[in-house]
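A.B. asks: sequence and predicted structure below; questions after.
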Amino acid sequence: MPRRYPPVSIFGVPTDVGAGTRGASMGPEALRVAGLGEALAARGVDVVDAGDVVGPKNPWRGPQAGYRHLDEVVAWNRGVFEASSGILGEGRMPVMLGGDHCLAIGSIAAVADHCRRAGRALRVLWLDAHTDFNTSTITPSGNVHGMPVACLCGIGPEALTGIGGHVPAIVPAQVRQLGIRSVDQDEKRLVKEHRLDIYDMRYIDEVGMKRAMEQALQDLAPDTHLHVSFDVDILDPTIAPGTGTPIPGGVNYREAQLIMEMIADTGLLGSLDIVEVNPALDARNATAELAVDLVESLFGKSTLMRD
Ligand SMILES: NC(=[NH2+])NCCC[C@H](N)C(=O)O
Ligand SMILES: [Mn+2]
Ligand SMILES: [Mn+2]
């Protein structure tokens, strides 16, 4: 049976202040041009485009005290928190079009706040080549898009860890990370120390995507809110070249479809980030188009005869 989805509000966050390469600021428009809204509507989803969050321009400075553009990152995340909270308050599903991955601090803080008030469990599925668990003292780059998971878990500057009012916004036990293949030296130590549940590419190679996903989706309650944070650099760069920190050896097309199909099967998708699409590096919008294709599967489009 085709599944009914809650109404969706997509919103854009056109900035790259958290990244070390310019261009993710054009991601929202690329995803719109690739037909994200139309694709969801065609699946029978009630979808509106809430427009873009507004924030400061990218000053394009080097890192200061371990962070690049911290003030701007905070300003954009406040806007994201407000936008996501507003959409959740209307009973709709926020779908954030990034922008770089630092913006997941605001979106996930909003979802965590919403779940706390509603007394609902939250599970965060972090689809990424990177663990994004750096801090100002261990970061090799100062780029805040390498730090959002740590910030959400209460490790980071107060202006970011406190964005949703509750510190920490989430705990590592609520997070599952999938597709990981690039973790910085000191970051490895930190993710181990905090016991992050990581399904890296080696594990996926060994046990297969089906088993890895079954484990990542284990122990969901019937009313768990599932947040998917989809960094397109989880995908292999040969199929998704339009991203600022590409890492070889990513998930292939069918594995990516299976991830989305298995999430769809849970019926628990509650919110979504689509981040790190960089049109300046893309090949005729192929990465945005692939992201739209995958989001269709996330909303129940099946390549098999299962409808
Ligand atoms: N969301 C991302 N693409 N993150 C990339 C982070 C890369 C690297 N670990 C850093 O901290 O600079
Ligand atoms: Mn990321
Ligand atoms: Mn990444």
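C.D. replies: Thanks, I have the structure now. Residues are numbered from 1 along each chain as shown. Ligands and ions are numbered 1, 2, ... in the order given.

A.B. asks: in the stretch 1-150 of the chain, what residue comes closest to ligand 1?
C.D. replies: For the stretch 1-150 of the chain, the residue closest to ligand 1 is residue 146, as judged by C-beta to the nearest ligand atom, at 2.2 Å. In this view, the C-beta of every residue, glycine as well, is placed from N, C-alpha and C.

A.B. asks: list the contacts of that residue.
C.D. replies: The contact partners of residue 146, taken as C-beta atoms under 8 Å, 6 or more residues apart in numbering, are 130, 132, 134, 139, 184, 187.

A.B. asks: right, and the secondary structure at residue 177 would be what?
C.D. replies: With DSSP: H, G, I helix; E, B strand; the rest coil as the basis, residue 177 sits in strand.

A.B. asks: count the residues that sit near the residue nearest to the residue of the stretch 1-150 of the chain closest to ligand 1 when sequence neighbours are not counted.
C.D. replies: Nearest residue to residue 146 in three dimensions, chain neighbours excluded: residue 134, at 4.4 Å (C-beta to C-beta, 6 or more residues apart in numbering). Neighbour count for residue 134, taken as other C-beta atoms under 10 Å: 30.

A.B. asks: same question, residue 86
C.D. replies: Every residue meeting other C-beta under 10 Å relative to residue 86 is counted, giving 15.

A.B. asks: can I get the helix or strand hosting it as PDB, trimmed to CA atoms?
C.D. replies: Using DSSP states H and E, residue 86 sits in helix 70-89. Output of helix 70-89 as PDB, limited to C-alpha atoms (Å, rounded to 0.1, in the frame of the first residue of the first chain):
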ATOM      1  CA  LEU A  70      31.700  31.500  14.000                       C
ATOM      2  CA  ASP A  71      29.400  34.600  14.400                       C
ATOM      3  CA  GLU A  72      27.900  34.000  10.900                       C
ATOM      4  CA  VAL A  73      27.500  30.300  11.600                       C
ATOM      5  CA  VAL A  74      25.600  31.200  14.800                       C
ATOM      6  CA  ALA A  75      23.400  33.700  13.000                       C
ATOM      7  CA  TRP A  76      22.400  31.300  10.200                       C
ATOM      8  CA  ASN A  77      21.700  28.500  12.700                       C
ATOM      9  CA  ARG A  78      19.400  30.700  14.800                       C
ATOM     10  CA  GLY A  79      17.500  31.300  11.600                       C
ATOM     11  CA  VAL A  80      17.300  27.600  10.800                       C
ATOM     12  CA  PHE A  81      16.200  26.900  14.400                       C
ATOM     13  CA  GLU A  82      13.400  29.400  14.100                       C
ATOM     14  CA  ALA A  83      12.300  28.100  10.600                       C
ATOM     15  CA  SER A  84      12.400  24.500  11.600                       C
ATOM     16  CA  SER A  85      10.600  25.100  14.900                       C
ATOM     17  CA  GLY A  86       7.900  27.100  13.100                       C
ATOM     18  CA  ILE A  87       7.300  24.300  10.600                       C
ATOM     19  CA  LEU A  88       7.200  21.600  13.300                       C
ATOM     20  CA  GLY A  89       4.700  23.700  15.300                       C
END
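
A.B. asks: list the helices and strands it packs on?
C.D. replies: The contact analysis (3 or more C-beta pairs under 8 Å, 6 or more residues apart in numbering; DSSP states H and E) places helix 70-89 against strand 8-13, strand 93-98, helix 104-118, helix 158-161.

A.B. asks: mind checking the SS state of the closest residue in space to residue 22 that isn't next to it in sequence?
C.D. replies: Using C-beta to C-beta, 6+ apart and skipping residues adjacent in sequence, the residue nearest residue 22 is residue 16, 5.5 Å away. The assignment at residue 16 comes out as coil when based on three-state DSSP.

A.B. asks: how far away is residue 16 from residue 143?
C.D. replies: 10 Å (C-beta to C-beta, to the nearest Å).

A.B. asks: next: residue 109.
C.D. replies: From residue 109 to residue 143 the distance is 19 Å (C-beta to C-beta).

A.B. asks: how many residues are close by the nearest residue to residue 45 once chain neighbours are set aside?
C.D. replies: Excluding the flanking residues, the one nearest residue 45 by C-beta to C-beta, 6+ apart is residue 5, at 4.9 Å. Residues within reach of residue 5, counting by other C-beta under 10 Å, total 19.

A.B. asks: per-residue pLDDT of residue 5, please?
C.D. replies: Per-residue pLDDT puts residue 5 at 86.

A.B. asks: wait, what's in contact with the residue of the stretch 151-300 of the chain found nearest ligand 1?
C.D. replies: Nearest to ligand 1, among the residues of the stretch 151-300 of the chain, is residue 245, at 4.2 Å (C-beta to the nearest ligand atom). Residues near residue 245 by C-beta under 8 Å, 6+ apart: 19, 20, 21, 129, 130, 182, 233, 276.
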